[in-house]
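Q: generate coordinates for the sequence data below:
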Amino acid sequence: MSETAASGYRAVLALPRIKTVLGLGILTRLASGLIPFTVLISFTQRHGIGVAGLASGALMLAIALPGPARARWCARRGPWAVLAMATASAVLFVIAAALLALRAWPVPLLVTAAAGALLPPLAPTLRALWSRLISDKHHLQGAHALDSTVEELTFIAAPLLGTAALALADARWTLLASALLLPLTAAGLHRILRGLPTPGSETTTPPTTDAGTATALGSGRSLIRYRDGQAIIVPIITLGLCAGGLNVIIPEASTAYSSLGSSGYAFAAFSLGGLVGGLVYGRRTWKSSLRTRYTQATLALATSTLILAALAASPLMILAVFCAGLPLSPLFILAYLLVDERILPARHTEANAWLGSGYNLGSAAGAALGGQLIAATGPRVTAITLVAAAALATATSHRLPTHSTDASTAQPGTETVLPET
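A: Residues are numbered from 1 along each chain as shown. You can find the predicted model right below:
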């Protein structure tokens, strides 16, 4: 990393409360990585892999589907709602761990799903804090880049920590310890939020939305029904679709030139690509608009997936997978920055939850549909299908309107949400 880049990151870390928020981000992502892992292992130990698969799927769906609604509810009711939801979710996970000893596996499965449905929007709320703590746009980009890097590293560390914990204790105790991270993180978040003004009140300049949009926002319409919401969220859903497709393309393609066991190297290359992409993006000072960069990053995803289609089933596939990972972190960073720029402050948490849920649902769909497509046509045709999806996402991101209140001309705290056309 260059001295300029390092200085930029040091300047971000020197800002008040930034290190605290990053630390809370590590805790919440550890919980997010450990809980699904320990649920899978716990159910496998007690009831077998078939039931464990059902429990894992039920948990992930329960977390992803109501994610935006949970975030909207917590944003309207304030920090105490996040703390209450975190406590309730942790209690249910503890109960589920205790019930795993029962022969009737649907009981702990349902309790686990209920705990997932109440999982608090910790990561989206933390993401929404950046724009409230940092006014400088360059520092804001650096904060999102640092946060994305920490996220990648944490999700790599979580299964390793889980494996180490399982060597020392029963999986149920590991699940219990992971669940306790939820109220711990929520308490720290509650303490920070209490010292901040209500979203939207930091500036005397009101958001420049038209009357129709303001009315619609007040009525609680979903962000996905707005043109800006669609243009920001759909590329992230497509990113998840491509990542899920890669999860089944990599093992199948690896067997053509090496062995199934070698697919682990390709998975690591994808994560490494995301890490490198985020660090490189965060170190630069960009002159183009966020809208332009978002479209370019989505186009890069389509291009890298096309390279994957060309190199599938060859030893160079690992290089193509690395390239496919490069747009991963930049797309997320740009999406979070666009949320700060285009979405009303009071709905930042909901918008960030849409990004997380959209990626997870896209990943699940990509793995499920990709598996069927690979069985019928092979990895190359499956990769070409992902290219088409990424191309459509590029067109969708290009629908973001160009207007006078972009990052270069808007007053601080001014965001725009345009009505769907």
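Q: packing partners of the helix or strand hosting Ile318?
A: Using DSSP states H and E, Ile318 sits within helix 317-325. Helices and strands touching helix 317-325, by 3 or more C-beta pairs under 8 Å, 6 or more residues apart in numbering; DSSP states H and E, are helix 227-257, helix 263-283, helix 290-311. (Glycine included, C-beta is placed from N, CA and C.)
Q: out of those, nearest to Ser363?
A: The closest of these to Ser363 is helix 227-257. By C-beta to C-beta, the value is 3.8 Å.
Q: please save the CA atoms from stretch 165-172 in PDB.
A: Written as PDB, here are the backbone C-alpha positions of stretch 165-172 (Å, rounded to 0.1, in the frame of the first residue of the first chain):
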ATOM      1  CA  ALA A 165     -13.900 -23.500  19.600                       C
ATOM      2  CA  LEU A 166     -15.400 -26.800  18.600                       C
ATOM      3  CA  ALA A 167     -12.200 -28.500  19.500                       C
ATOM      4  CA  LEU A 168     -12.500 -27.200  23.000                       C
ATOM      5  CA  ALA A 169     -16.300 -27.300  23.700                       C
ATOM      6  CA  ASP A 170     -19.600 -28.700  22.500                       C
ATOM      7  CA  ALA A 171     -21.100 -26.900  19.500                       C
ATOM      8  CA  ARG A 172     -24.100 -25.800  21.600                       C
END
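Q: could I get the average pLDDT for that stretch?
A: Mean per-residue pLDDT for stretch 165-172: 81.
Q: same check on stretch 250-267?
A: The model assigns stretch 250-267 a mean pLDDT of 70.
Q: likewise stretch 300-308?
A: 91.
Q: quick one: secondary structure of Glu151?
A: At Glu151 the chain is in helix, as set by DSSP: H, G, I helix; E, B strand; the rest coil.
Q: quick check: closest non-adjacent residue to it.
A: Residue nearest to Glu151 in three dimensions, not counting chain neighbours: Arg29, with 5.6 Å by C-beta to C-beta, 6 or more residues apart in numbering.
Q: does that neighbour touch Ala123 like I think?
A: Yes. Between Arg29 and Ala123 there is a contact under C-beta atoms under 8 Å: 6.8 Å.
Q: mutual contacts of those two, please.
A: Here Arg29 and Ala123 have no joint contacts, going by C-beta atoms under 8 Å, 6 or more residues apart in numbering.
Q: before we move on, the earlier item: what's next to the helix holding Ile318, contact-wise?
A: The contact list for helix 317-325 (C-beta under 8 Å, 6+ apart) reads 242, 246, 250, 253-254, 257, 265-267, 269-274, 276-277, 301, 304-305, 307-308, 310-312.
Q: and the angle from it to helix 263-283?
A: Interaxial angle, helix 317-325 versus helix 263-283 (axes from the mean of the first three to the mean of the last three C-alpha atoms, to 10 degrees): 40 degrees.
Q: C-alpha coordinates for helix 317-325, CSV please?
A: This file holds the C-alpha atoms of helix 317-325, laid out as CSV (Å, rounded to 0.1, in the frame of the first residue of the first chain):
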residue,chain,number,x,y,z
MET,A,317,-9.7,-20.5,-13.8
ILE,A,318,-8.3,-19.5,-10.5
LEU,A,319,-7.0,-16.2,-12.1
ALA,A,320,-10.5,-15.7,-13.5
VAL,A,321,-12.1,-16.2,-10.1
PHE,A,322,-9.7,-13.7,-8.6
CYS,A,323,-10.8,-11.2,-11.2
ALA,A,324,-14.4,-12.0,-10.5
GLY,A,325,-13.8,-11.1,-6.9
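Q: quick one: Ser222 from Ala395, how far?
A: 22 Å (C-beta to C-beta, to the nearest Å).
Q: what's the following helix or strand after the helix or strand containing Leu331?
A: Using DSSP H and E, Leu331 maps to helix 328-342. Downstream of helix 328-342, the next assigned helix or strand under DSSP H and E is helix 348-377.
Q: and the angle for the next helix or strand after that following helix with helix 227-257?
A: Next helix or strand after helix 348-377 toward the C-terminus (DSSP H and E): helix 379-397. Here helix 379-397 points in a direction 170 degrees away from that of helix 227-257 (the same axes, to 10 degrees).
Q: what sits up against helix 379-397?
A: 230-232, 234-235, 237-239, 241-242, 245, 248-249, 252-253, 256, 291, 294-295, 298-299, 301-302, 305-306, 308-309, 312-313, 366, 370, 373-374.
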